[in-house]
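Peer 1: How does the following fold in three dimensions:
(chains A, B, C and D)
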4 protein chains.
Amino acid sequence: MAGLQKIRFLLLKPNIQLKSISNALSTSQSLYKQPIGFVGLGNMGNHMANNLIKNGYPVIAYDVNAESLRSLENAGGKVGDSPAAIATQVDQIVTMLPSSPHVLDVYNGPNGILSSVKAGTLLLDSSTIDPAVSQQVAALAAKKGAVYMDAPVSGGVNAARDAILTFMVGGPEAEFDAAKDILNNMGKNVVYCGGVGTGEAAKICNNMLLGISMIGTAEAFNLGIKLGIEPKKLAEIINMSSGRCWSSELYNPCPGVKEGVPSSNNYQGGFGTALMTKDLGLAQDAATVNKSATPLGSLAHQIYRIMCTKGYALKDFSSAFLFLQEDKENKS
Amino acid sequence: MAGLQKIRFLLLKPNIQLKSISNALSTSQSLYKQPIGFVGLGNMGNHMANNLIKNGYPVIAYDVNAESLRSLENAGGKVGDSPAAIATQVDQIVTMLPSSPHVLDVYNGPNGILSSVKAGTLLLDSSTIDPAVSQQVAALAAKKGAVYMDAPVSGGVNAARDAILTFMVGGPEAEFDAAKDILNNMGKNVVYCGGVGTGEAAKICNNMLLGISMIGTAEAFNLGIKLGIEPKKLAEIINMSSGRCWSSELYNPCPGVKEGVPSSNNYQGGFGTALMTKDLGLAQDAATVNKSATPLGSLAHQIYRIMCTKGYALKDFSSAFLFLQEDKENKS
Amino acid sequence: MAGLQKIRFLLLKPNIQLKSISNALSTSQSLYKQPIGFVGLGNMGNHMANNLIKNGYPVIAYDVNAESLRSLENAGGKVGDSPAAIATQVDQIVTMLPSSPHVLDVYNGPNGILSSVKAGTLLLDSSTIDPAVSQQVAALAAKKGAVYMDAPVSGGVNAARDAILTFMVGGPEAEFDAAKDILNNMGKNVVYCGGVGTGEAAKICNNMLLGISMIGTAEAFNLGIKLGIEPKKLAEIINMSSGRCWSSELYNPCPGVKEGVPSSNNYQGGFGTALMTKDLGLAQDAATVNKSATPLGSLAHQIYRIMCTKGYALKDFSSAFLFLQEDKENKS
Amino acid sequence: MAGLQKIRFLLLKPNIQLKSISNALSTSQSLYKQPIGFVGLGNMGNHMANNLIKNGYPVIAYDVNAESLRSLENAGGKVGDSPAAIATQVDQIVTMLPSSPHVLDVYNGPNGILSSVKAGTLLLDSSTIDPAVSQQVAALAAKKGAVYMDAPVSGGVNAARDAILTFMVGGPEAEFDAAKDILNNMGKNVVYCGGVGTGEAAKICNNMLLGISMIGTAEAFNLGIKLGIEPKKLAEIINMSSGRCWSSELYNPCPGVKEGVPSSNNYQGGFGTALMTKDLGLAQDAATVNKSATPLGSLAHQIYRIMCTKGYALKDFSSAFLFLQEDKENKS
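Peer 2: The predicted structure is shown next:
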């Protein structure tokens, strides 16, 4: 990969200088910064693109939503006509899209990035998608001489806004420093995970375990309360014992145990049940294809799915506590 | 309860002095320590009783196993003829028994403690049992003027030997200091949980969450490996993220990730799958009686149960990782 | 057991004649029929007792509910002062109680049947309870020379009213004909299952499989509808294929597939979710004690439990179809 | 669709006559029968193709396996160079492939059927695949004027050999008679399910329910045996009660209950656990995409998956009974 790396820099250098000069007028900070393409200005993506702009990068962005584009322009970015059009103007692109089909379309569709990508371009996809799709797009990109890395994030909308996301990066190790230089502008942790797809793998494995331990915590607290133990006391004991987990300690699902978490705010904000359901669905897809047994991951997925059908889709996923609890009107 | 407390001390003081004197010959340390009855000298109980002796308490013990009694005598203890016989000689008794029926029998059976217990006696039951049974025995004890507290432990055989157990104590708060004075000789943490039964409640809730998060961790690592991520790398990422739990961090079930845990020693030692299955069975019983929904706790119970039927009963419960993994001979 | 049988008849004959004569005034049909004690006049029991009366048996009944007793008197029965009081007056008793503790109390409590039961009495318990409790009561009854058989029923309130229940009978085979003579008055099928407890065993195994296959059917129909297949068409195909089950064929949970079942009547009537939850709880208790792995039975139990917490307790258990379906207001 | 139907026949008639004449030499029976293309001569497909030949159809087949092709020639068939090559020679093609990617490749790949298919061709896909893929291929076929119908089968290798398969057919109703004419040569039941994809939908819904009720039956019988009831007696009771299902009645998983089923032959033959796992994986994929809650289907999938990892992949799926049972060496 060192060879490709070299080629990339040989190829990029002249472009960069030209572009840097042309973009230098918009902000003095951007004088020495290469422009970055950005596709996908949703709830997360718009904050991420804004943070690149704030850090002095010229950003050329695309989204299907016109309003998102206008907002980006107001923040100081430029708008491209399509992913393909952007790919002709930059040497590094970040994408943040809702699902595997969107990623395939933005990269490999009719007006996709790969239809016009320059050799040596660095492509960073922060979407949470099937790792097999990451590997597929990486292979297609490699045919064009471009480098695709998966770089999904941990952290929600607020973390995106505050540039404190964690990025889990998969792809050629030789490109990691280049990726990190960009991602550091949008997050505080950038972790190298291994070959392409392992960023997604790390994310879906983490979120599967999170999804499981949150429901487990919800069950333990509901049962404990029925058995007469005060929830704060139970939290104190569990958090010094072997049942301790991030969900019990930092994001306790039982209202009143911890300040400032969604459970103490009617389960508003946080990480929606529908999003957790989506991530656990990705884990199930990957497990099925790879013949990996995940009985609790599978059941957790189903429980969040049922929660979505019963009105919890937009509540924080810690509302599993509420879902498993007896409705007041159904007390027997 | 303050009233009972007072009565207890009024009643006990004369006894204590008499007995202390009679027992003073065995060890100079015991000069001012009240004798303690101890029923149940199994893998855990024998270490616990020994630690009381080491700390200068005269111990009068009973067990159905003659060899355990001889061993206790060698360590400096005395042997009682039955739980009932012991109850006539002491004002404080610790019990450590395998299951609810044993506890009912030792307390309420024909030669049980309650048949001859003195008013004011403090009864500390460290067995892991159904909290409803604790409450039932406590009520029977109260009729005799005795105080029963549940005080199950966290920590295994080695922790019992090294007197570093954690005790979770349920019962009248006014008696907690007296209980703590005794339990401190056998453990390093003694936590007050609430009314009688809440010690058991805390333990089974903690262990249910532990049992769930261990299988969840095993699933996440098996899936991650199939997806091409190196297990140590995955552990590093999860342990700085929201999937972090005691099982991923301090007791990782994937061989080679962490030194000195059962997974790196062929799943020998540690906490056997059969014992975890028993604890999750208690959680299920309590959940059924109390109409508490515990879908993951229930499935975790079943998975450990299946593991027991397939040869994992005596392996550490983290062998769930091994159980869910493809057998080498079955690779497809 | 043949010996006991003979003794029973030798003992009973004189009693019977005396009692038959004393009761002959109430109804001419009862001239040659032995009186029957009946404890437990709930939704099921009152119909069962009435059917014995209709068939000419003198019935002496007890219930904690005074109104139920008055209603029984209006139907031609007599009222006893307590289970113990009834036991002194008859040689055969039927009990129909809500749960294991009730059975233990009615048989073995202070005023229980066994405190005064005559040797040779036939005790038929139609309650759905833990088979281990049946065996325990049978052993206690045997000490008094009485024969206890478990005889739980299949069929609901309407089947009780119409005397078309199915009885699953466990106990000594030599007593089965005697049991059948009585039970035939309240049902149309009386099946011998084996030793005491096997009637309960058969019932809870059947109901566990029923509870599982009903949810399975609900899942298959919900998924099929989402995939665009018309539910009646799906039912036609499944019912001629390997997915066929009682739930798909005779009690389809999808509204409109079958006439005259609860799903086509807003899930009213039928077998309530709370009752199914209770039976699956018994199955789980038995499985835990007997170390039998029941992963789907366990999850089905949890799903019905969650349904109870969400307002489905009194709906027919086939409302699992509705529960798993997207709420109209939550369509995404 | 009536229009397309007409066009198809107008277009086909002349072709048919020409081809019928050219193929007439191989077998006198085929004089009036149109040739049929066949792609996929695996365990099922080779029997199906042979049955078409036996019934007088000229068959032109393709498979990646050269030996399968030679065997087909020995049976009287002809070999095509590729799916594309076959498509130029016939007006009706049957495909029987192992999975969705194979179907996409055979139809839409470089040498795929759709690259050269004639307008009016009838395409019947008997593969068990994702219904969404069926719909996707049908749409691609329609662009070429061809009609694609999904027609997955129920029944195994023996049923394929004996031409007693059941076909579940999805696609335009107007084409169903034409499809039936062909499929009747390979099966005894051909059922119309609805629009394209509903054949697959019916199959995966049926098999999901089958997979669930088989494990449920295995659990009920294992528990019943532990509770002391004789398995034949339990089968008798369940099969006259509400727990009755195809698995309990016709394919009982407990050895000795029923003659001639895999459980009475060491779980050899029948429907392998690996195949059931694959079908339940399809159901899970479809459920995830369609946001349909399938908790028991999901858990059943996981249990069969675990069975595959533990050496049950090639045993009949009713070996769930064996899997859940205590290993002899692990009896506790």
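
Peer 1: wait, isn't A:L41 in contact with A:A61?
Peer 2: Yes: using Cβ atoms under 8 Å, A:L41 is in contact with A:A61, at 5.9 Å. (C-beta placed from N, C-alpha, C; glycine too.)

Peer 1: Report the set of residues contacting both of the two.
Peer 2: A:A49, A:L69, A:L72 (Cβ atoms under 8 Å, 6 or more residues apart in numbering or on different chains).

Peer 1: Surely the second one is within a strand?
Peer 2: Read that as A:L69. No: A:L69: not assigned to a strand; according to DSSP: H, G, I helix; E, B strand; the rest coil it is helix.

Peer 1: For it, the count of nearby residues, please.
Peer 2: Neighbour count of A:L69, defined by other Cβ atoms under 10 Å in any protein chain shown: 19.

Peer 1: Roughly how far does the closest residue in space to it that isn't next to it in sequence sit from chain D?
Peer 2: Distances taken as Cβ to Cβ, 6 or more residues apart in numbering or on different chains place A:V79 nearest to A:L69, at 4.8 Å, with adjacent residues excluded. Per Cβ to the nearest Cβ, to the nearest Å, A:V79 is found 33 Å from chain D.

Peer 1: which residues touch the residue in the stretch 1-150 of chain A positioned nearest to chain C?
Peer 2: Closest to chain C within the stretch 1-150 of chain A is A:P98: 13.4 Å, counting by Cβ to the nearest Cβ. Applying Cβ under 8 Å, 6+ apart to A:P98 gives the contacts A:G40, A:G42, A:S127.

Peer 1: now swap in A:I164 and tell me
Peer 2: Residues near A:I164 by Cβ under 8 Å, 6+ apart: A:G155, A:G187, A:K188.

Peer 1: give me that answer again for 10 Å
Peer 2: A:G155, A:N158, A:M186, A:G187, A:K188, A:N189 (Cβ atoms under 10 Å, 6 or more residues apart in numbering or on different chains).

Peer 1: And it, its phi and psi?
Peer 2: A:I164 has phi and psi values of phi -120, psi 30 when expressed as degrees, to the nearest 10.

Peer 1: Tell me how far it lies from chain B.
Peer 2: 13 Å.

Peer 1: coming back round to it: by neighbours, which of the contacts of A:I164 wins?
Peer 2: Going by other Cβ under 10 Å, A:M186 tops the contacts of A:I164 with 29 neighbours.

Peer 1: Go ahead and confirm that residue touches A:N51.
Peer 2: Yes: contact between A:M186 and A:N51 holds when scored by Cβ atoms under 10 Å: they sit 4.9 Å apart.

Peer 1: any shared contact partners between these two?
Peer 2: By Cβ under 10 Å, 6+ apart, the residues touching both A:M186 and A:N51 are A:A160, A:A163, A:L165.

Peer 1: Excluding chain neighbours, what is closest to the second one?
Peer 2: Pointing back at A:A163 there. Residue nearest to A:A163 in three dimensions, not counting chain neighbours: A:N51, with 4.6 Å by Cβ to Cβ, 6+ apart.

Peer 1: So which of the contacts of A:I164 is the closest to chain D?
Peer 2: Closest to chain D, out of all of the contacts of A:I164 and judged by Cβ to the nearest Cβ, is A:G155, at 24.7 Å.

Peer 1: which phi and psi does A:G311 have?
Peer 2: According to degrees, to the nearest 10, A:G311 has phi 100, psi 10.

Peer 1: how many neighbours does it have?
Peer 2: 14.

Peer 1: do A:N65 as well
Peer 2: Residues lying near A:N65 (other Cβ under 10 Å) number 12.

Peer 1: Tell me if I'm right that it and A:V79 touch.
Peer 2: No: the criterion here is Cβ under 10 Å, and A:N65 misses it with A:V79 at 11.6 Å.

Peer 1: Which neighbours do the two have in common?
Peer 2: In contact with both A:N65 and A:V79: A:L41, using Cβ under 10 Å, 6+ apart.

Peer 1: Can you check which helix is longest in chain A?
Peer 2: Looking across chain A with DSSP state H, the single longest helix is helix A:198-226.

Peer 1: Check the offset of that helix from the chain's centre.
Peer 2: 18 Å (Cα atoms, centre = their mean, to the nearest Å).

Peer 1: Just the angle for it relative to helix B:198-226, thanks.
Peer 2: 170 degrees (axes from the mean of the first three to the mean of the last three Cα atoms, to 10 degrees).

Peer 1: which other helices and strands contact the very next helix or strand once past helix A:198-226?
Peer 2: Using DSSP states H and E, the helix or strand that follows helix A:198-226 in sequence is helix A:231-238. When contacts are defined as 3 or more Cβ pairs under 10 Å, 6 or more residues apart in numbering or on different chains; DSSP states H and E, helix A:231-238 packs onto helix A:198-226, helix A:246-249, strand B:165-170, strand B:187-194, helix B:198-226.
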